[in-house]
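> Return a 3D structure for these sequence lines:
(2 chains)
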Amino acid sequence: MEGRKIKIALTGNPNVGKTTLFNALTGSRQHVGNWPGVTVEKKSGRVSYKDYDIEVIDLPGTYSLTAYSMDEIVARDFIIEEKPDIVIQVVDASNLERNLYLTTQLMELGSEILIVLNMCDIAEERGDRIYIEKMEELLATPVIRTVASQKKGICDLLDRVIEQKEIQQHHGHEIGYGTEIEDKILEIEKVLAEDETRDTRYPLRWISIRLLEGDSNVREKISKSPVYDRVMQIIDSIDQEEYEAEIADKRYLAINTVFPQMCTRANDKLTKSDMIDRVLTNKYLGIPIFLALMWGAFELTFAFATPFMDMIDLASTWFAEYVSSSLQPAWLASLVGDGIIGGVGAVLVFVPNIFILFFLLSLLEGSGYLARAAFIMDKLMYKIGMHGKSFIPMLMGFGCNVPAIMAARSIEDEKDRLITILVVPFVSCGARLPIYVLFAGTFFGRQAGTVIFGMYVLGIVIAIISAKILRTTVVRGKPAPFIMELPPYRVPTLKTSFIHMWDNGFMYIKKAGTIILVGVVVIWALASFPWGVQYGSENSYVGLLGHAVEPLLKPLGFDWKISVALIFGLVAKEIVVASMGVLYGAGDNSNVLSDRLIADSGMTALTSLSLMAFSLLYMPCVATVGVIRKETGSWKWTLFAIFYGIIVAWITAFTIYKGGVLLGY
Amino acid sequence: MSEDHETTLDTLKPGEKARITKVRVKGTARRKLMDMGMVAGTEIELVRNAPLGDPMDYNIKGYHLSIRKEEAKQIFINKL
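The predicted structure follows:
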């Protein structure tokens, strides 16, 4: 039976348990994607209850509905333009006052609101008292208690949603802003109303208030209106900063007049969370604990991921061989075996890493520690032109650049985020280690360890210099102000972390996967054609390409074979080692390869150093390129990342090589 | 309320309380700070500095808000 439809939107401040409620409501019937045109995540799901078919849209968590961030614009545009039947605001009962600020803004949007009081247990444990009936009366909206993490109150909530949908009784609620501002609001409303072509979904009062607050997004929305100039005349006549402050003041004043009647707050008692903070953000202990936690998370990721990665690697190698030997004709076997399965293997091999990193990241976020990590590292990051929130993605880069770039999503400011995405590829990931091990081991003997460590340092230094350069050229300006809530520590819900992990892992496979596959097939074709040559040999296109770029790489001390290996390294950097093996006829045996490199290649310690530096810095591997494209949503920045990397790598390798030659090595 | 000296938020020591008198921060940060509850008349307490000295962790309206000294210098207060 086709149920009656209800569309609800979930909104609320960050860290109030909105996602947990969304998961409790919709279970596994979720769909994750992006809002059109922006990188903000869009989640929706369905729930059948009684004979209703309820669609739930999870709006981004925001403190307000001004135009401060893309999240806020997405949330309010949805509420206004899509007109959900009911907007549910999830409210943290232990932090009522600030949460109600968003409520005042939702009311101005003219939407049907229902308030879900979450985390009552925490508030009550602290000794707060909340009078729900009084709250319903004063706010003129239904208020429902839930403990989403224990699925308490969910049925009650759904009953109230249906009830409210059926009675369709709208409670208007307005905040008065005082005579002066109210007069201006009326004046603007009047002018706006003259425009008969206006978008009637937007309440006039709301537009007027937003304009008085200097909302550039709303200003743009009415810029085509015939009355625009007259409206702007009114706006230009006021002291906007003064109005902005006054309006925010009045909203909090409105909250303050009703707040004491619906809640009595316990005296400032030291909470458990405060006590934890005394240790975790302690002046002396804060940094050591932070480093230990990060190191632990890192070790855990690799300890867990490595066996799975090896299994995937083995399986895809076996499968590729099996397919190659059983398919006809030969070119098809090679395309499917070497190309597609090898390529898919290269994509899948990162999946365990990504899943585990995202799981741990979600645990850290849910516990409240992630905000502290940014708090602890902000000063250091700010010095190099980045935001405290950039630290975690940079750190994850040592494991794998792909999830690191995806983790940059938590950075709200577009510029801060872009810089992070652009410099993460210089952080030396796990796949580059085999290259260092081979060359440093072959040419540096006892000093190999120092050389490898030096490569890691080089990556960090280049990342820092790049951040500085980008800040003064293409991504100008200072890092965004650090204005961040440090939420109370909580025990994270495993279910939320699992869902988060799954969503992100799956996104990677789906979106980045296609680009990676194309990249891999292109390289396969270069190595296999013209048809009949040995795969990846001197006469194949990649061999010709190697010869073609040789003059460019000559100044770095590289011959055509190294050039070919570097081209293959674009699939995944560790492939540089395997292709050197093929080119020098050493197969998989690294000892044989070491001997051959010393005997036949004409390489010296200096060229190997130049090559290691170049491998570290030159264009990111296809998986990283795929994810840069996905996360920036722009080919322009993706190409920039590629060429910038190549140029930086060339300059660095050139400096090392020529410098070494000059010094007489 | 003591009206004696107006000073800025960055001069507050851990454990000290104050009342906000004016937010002189410019740009989008101003909007955001106000949305987060930094409006005139609100009580604010410095809980602690970050281990490296900056940013600061304040208690405002019953929750923890962290901002850099740079912004705190442009927020005016009366110490309580």
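
> which residues touch the residue nearest to A:S615 when sequence neighbours are not counted?
In this structure, A:S615 finds its nearest non-sequential neighbour in A:I435, 4.9 Å apart by CB to CB, 6 or more residues apart in numbering or on different chains. (Each C-beta comes from the backbone N, C-alpha and C, glycine too.) With contacts taken as CB atoms under 8 Å, 6 or more residues apart in numbering or on different chains, A:I435 has the following neighbours: A:G569, A:K573, A:E574, A:V576, A:V577, A:L611, A:M612, A:S615.

> could I get those residues as JSON lines with pLDDT?
Listed next are the contacts of A:I435 as JSON lines, based on pLDDT from 0 to 100:
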{"residue": "A:G569", "pLDDT": "85"}
{"residue": "A:K573", "pLDDT": "83"}
{"residue": "A:E574", "pLDDT": "76"}
{"residue": "A:V576", "pLDDT": "82"}
{"residue": "A:V577", "pLDDT": "80"}
{"residue": "A:L611", "pLDDT": "95"}
{"residue": "A:M612", "pLDDT": "95"}
{"residue": "A:S615", "pLDDT": "94"}
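
> Just the closest of those to A:E55, please.
Proximity of those to A:E55 (CB to CB) peaks at A:K573, which lies at 44.3 Å.

> could you list every residue that touches residue 47?
Because you didn't say which chain, this covers chain A. A:V47 neighbours (CB under 8 Å, 6+ apart): A:L25, A:T26, A:G27, A:R29, A:I54, A:V56, A:L158.

> Switch to chain B, please.
A:D274, A:D277, B:P14, B:D57, B:Y58, B:N59, B:H64.

> Quick check on it: phi, psi?
Backbone torsions of B:V47, given as degrees, to the nearest 10, read phi -90, psi -50.

> so where do the helices sit in chain B?
Along chain B, the stretches classed as helices by DSSP state H are B:28-35, B:69-72.

> go on, the stretch 51-200 of chain A?
Taking DSSP state H, counting those that start in this stretch as the criterion, the stretch 51-200 of chain A contains helices spanning A:70-82, A:96-108, A:120-126, A:132-139, A:154-167, A:179-193.

> lowest-confidence stretch among those?
Among these, helix A:120-126 has the lowest mean pLDDT, at a mean of 81.

> Run a quick neighbour tally on the spatially closest residue to A:A93 that is not a sequence neighbour.
Leaving aside its sequence neighbours, A:A93 sits nearest to A:A123 (CB to CB, 6+ apart; 4.1 Å). Residues lying near A:A123 (other CB atoms under 10 Å in any protein chain shown) number 21.

> try A:L470
With other CB under 10 Å as criterion, A:L470 counts 20.

> How about A:F643?
Using other CB under 10 Å, A:F643 has 11 other residues around it.

> list the helices and strands the helix or strand of chain B with the lowest mean pLDDT packs on?
Across the helices and strands of chain B, mean pLDDT, DSSP states H and E gives its lowest value to helix B:28-35, namely a mean of 88. Helices and strands touching helix B:28-35, by 3 or more CB pairs under 8 Å, 6 or more residues apart in numbering or on different chains; DSSP states H and E, are helix A:240-262, strand A:483-485, strand B:17-23.

> on that earlier part again, go ahead and confirm the residue nearest to A:A93 touches A:S94.
Yes: at 4.0 Å, A:A123 and A:S94 qualify as touching, with contact defined as CB atoms under 8 Å.

> so who does residue 76 touch?
Reading this off chain A. Counted by CB under 8 Å, 6+ apart, A:R76 has contacts A:L65, A:L109.

> nope, chain B
B:E6, B:T7, B:T8, B:L9, B:I20, B:T21, B:K22, B:V23, B:R24.

> For chain B, what lies in contact range of chain A?
Contact residues, chain B versus chain A (CB under 8 Å from any CB of the partner chain): B:23, B:25, B:28-37, B:39-42, B:47-55, B:57, B:61-68, B:70-71.

> Narrow these to just the buried residues.
B:23, B:25, B:28-37, B:39-40, B:42, B:47-52, B:54-55, B:57, B:61-68, B:70-71 (16 or more other CB atoms under 10 Å in any protein chain shown).

> in the stretch 251-400 of chain A, which spans are strands?
A:263-264 (DSSP state E, counting those that start in this stretch).

> could you list every residue that touches A:I405?
A:P393, A:T420, A:I421, A:V424, A:P425, A:T624, A:V627, A:I628, A:E631.

> of the contacts of B:F76, closest to A:L517?
Nearest to A:L517 out of the contacts of B:F76 is B:V23 (CB to CB; 51.7 Å).

> how close does A:N539 sit to chain B?
A:N539 is 58 Å from chain B, where distance means CB to the nearest CB, to the nearest Å.

> Not counting residues beside it along the chain, what's closest to that residue?
Nearest one to A:N539, counting by CB to CB, 6+ apart, is A:V533 at 4.5 Å.

> In three-state terms, label the nearest residue to A:T632 once chain neighbours are set aside for me.
Leaving aside its chain neighbours, A:T632 sits nearest to A:I421 (6.1 Å; criterion: CB to CB, 6+ apart). Classification of A:I421 by DSSP: H, G, I helix; E, B strand; the rest coil places it in helix.

> A:I421: how many residues sit nearby?
A:I421 - counted by other CB under 10 Å - has 26 other residues nearby.

> who touches it in this structure?
With CB under 8 Å, 6+ apart, A:I421 has these contacts: A:I405, A:A408, A:I628, A:E631, A:T632, A:W637, A:A641.

> Wait, the fifth one touches A:L418, no?
Yes: A:T632 is within contact range of A:L418, at 6.6 Å (criterion: CB under 8 Å).

> chain center to stretch A:59-67: distance?
Mean-position distance between stretch A:59-67 and its chain equals 17 Å (CA atoms, centre = their mean, to the nearest Å).

> And for stretch A:257-272?
Centroid separation between stretch A:257-272 and its chain, computed with CA atoms, centre = their mean, is 35 Å.

> quick one on the thing from earlier: out of the contacts of A:I421, list just those in helices.
Using DSSP H, these in helices are A:I405, A:I628, A:E631, A:T632, A:W637, A:A641.

> any chance of the helices of the stretch 51-200 of chain A in JSON lines, plus distance to A:T200?
Converted to JSON lines, those look like this (distance: least, CB to CB, whole Å):
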{"stretch": "helix A:70-82", "distance to A:T200": "11"}
{"stretch": "helix A:96-108", "distance to A:T200": "16"}
{"stretch": "helix A:120-126", "distance to A:T200": "39"}
{"stretch": "helix A:132-139", "distance to A:T200": "26"}
{"stretch": "helix A:154-167", "distance to A:T200": "22"}
{"stretch": "helix A:179-193", "distance to A:T200": "10"}
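
> related to what we said a few turns ago, top of the ones in helices among the contacts of A:I421 by neighbour count?
Counting by other CB under 10 Å, top hit in those: A:I405 with 29 neighbours.

> From chain B, how far off is it?
Taken as CB to the nearest CB, the span from A:I405 to chain B is 25 Å.

> Then A:G602?
Distance from A:G602 to chain B, by CB to the nearest CB: 49 Å.

> which residues sit in contact with that residue?
A:D559.

> Which pLDDT value does the model give the residue nearest to the spatial centre of chain B?
Ranked by distance to the mean C-alpha position of chain B (CA atoms, centre = their mean), the top residue is B:L9 at 4.5 Å. You'll see B:L9 listed with a pLDDT of 96.
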